[in-house]
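> Output the structure for:
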Amino acid sequence: QVQLVESGGGLVQAGGSLRLSCAASGRTFSNYAMAWFRQSPRNEREFVAVISLTGARTVYVDSVKGRFTISRDNAKNTVDLQMNSLKPEDTAVYYCAASPSYGYRAADKYNNWGQGTQVTVSS
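Numbering: from 1, shown residues only. Sure thing, here's the model as predicted:
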């Protein structure tokens with residue numbers, strides 16, 4: 001198991017930026033693909049982005065392409081999500097998740113989750 005703690009959420013106006021960070025502890029961080037998901041009150045948990053074990057490959061949901069960037073630092077055991085040009089529809093609780101395999105968009109493929117951080121984008 002790897003323990004995950006998110007930070008960096010908050011309230012921002014539409015068009016603004018936020019940077020989320022997820023700190024990992026426990027098992028070897030570089031053995032896990034890392035992803036960000038989000039969930040708003042009326043929606044199921046939605047895949048946002050995933051990054052491979054080395055950071056060489058990334059995948060994004062279409063709605064955030066060109067606006068969000070996922071990155072990781074295996075020396076610091078962190079994965080970040082830089083969010084630019086935020087929109088009200090980006091409002092959600094954002095979760096960091098870890099999987100021993102890369103490429104999955106389905107939440108049930110991830111067995112390690114953080115507690116989430118709230119992102120609210122006002123119009």
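> surely residue 100 meets residue 30?
No - assessed by CB atoms under 8 Å, residue 100 is found out of contact with residue 30, at 11.3 Å. C-beta: built from backbone N, CA, C; applies to glycine.
> Parallel or antiparallel, list what pairs with the helix or strand where residue 23 lies.
Take DSSP states H and E as the rule and residue 23 turns out to sit in strand 18-26. Looking at strand 18-26 with DSSP bridges, its partner strands are strand 2-7 (antiparallel), strand 78-83 (antiparallel).
> Format these as CSV; extra columns: distance to residue 34, mean neighbour count and mean pLDDT.
Output for the strands paired with strand 18-26, formatted as CSV (distance: least, CB to CB, whole Å; neighbours: other CB atoms under 10 Å; pLDDT from 0 to 100):
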stretch, distance to residue 34, mean neighbour count, mean pLDDT
strand 2-7, 9, 18, 96
strand 78-83, 4, 22, 98
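> can you redo the ones you listed as CSV with distance to residue 65?
Below are the strands paired with strand 18-26 laid out as CSV (distance: least, CB to CB, whole Å):
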stretch, distance to residue 65
strand 2-7, 22
strand 78-83, 12
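> Of all these, which one comes closest to residue 47?
strand 78-83 (12.4 Å; CB to CB).
> next structured bit after that closest one?
strand 92-99.
> Which residues does that following strand contact?
By CB atoms under 8 Å, 6 or more residues apart in numbering, the surrounding residues in contact with strand 92-99 are 2, 4, 6, 9, 20, 22, 24, 32-40, 43, 45-46, 48, 79, 81, 107, 109-119.
> and the residues you listed, which are buried?
Taking 16 or more other CB atoms under 10 Å as the criterion, what is buried in the contacts of strand 92-99 is 2, 4, 6, 9, 20, 22, 24, 32-38, 45-46, 48, 79, 81, 107, 109-110, 112-114, 116-117, 119.
> So what would you say the end-to-end distance of stretch 100-111 is?
9 Å (CA to CA, to the nearest Å).
> try stretch 27-38
Note: stretch 27-38 ends 24 Å apart using CA to CA.
> contacting residues for the spatially most central residue of the chain?
Centroid-nearest residue in the chain, with CA atoms, centre = their mean: residue 36, separated by 2.2 Å. When the contact criterion is CB under 8 Å, 6+ apart, the partners of residue 36 are 20, 22, 48, 49, 50, 70, 79, 81, 94, 95, 96, 97.
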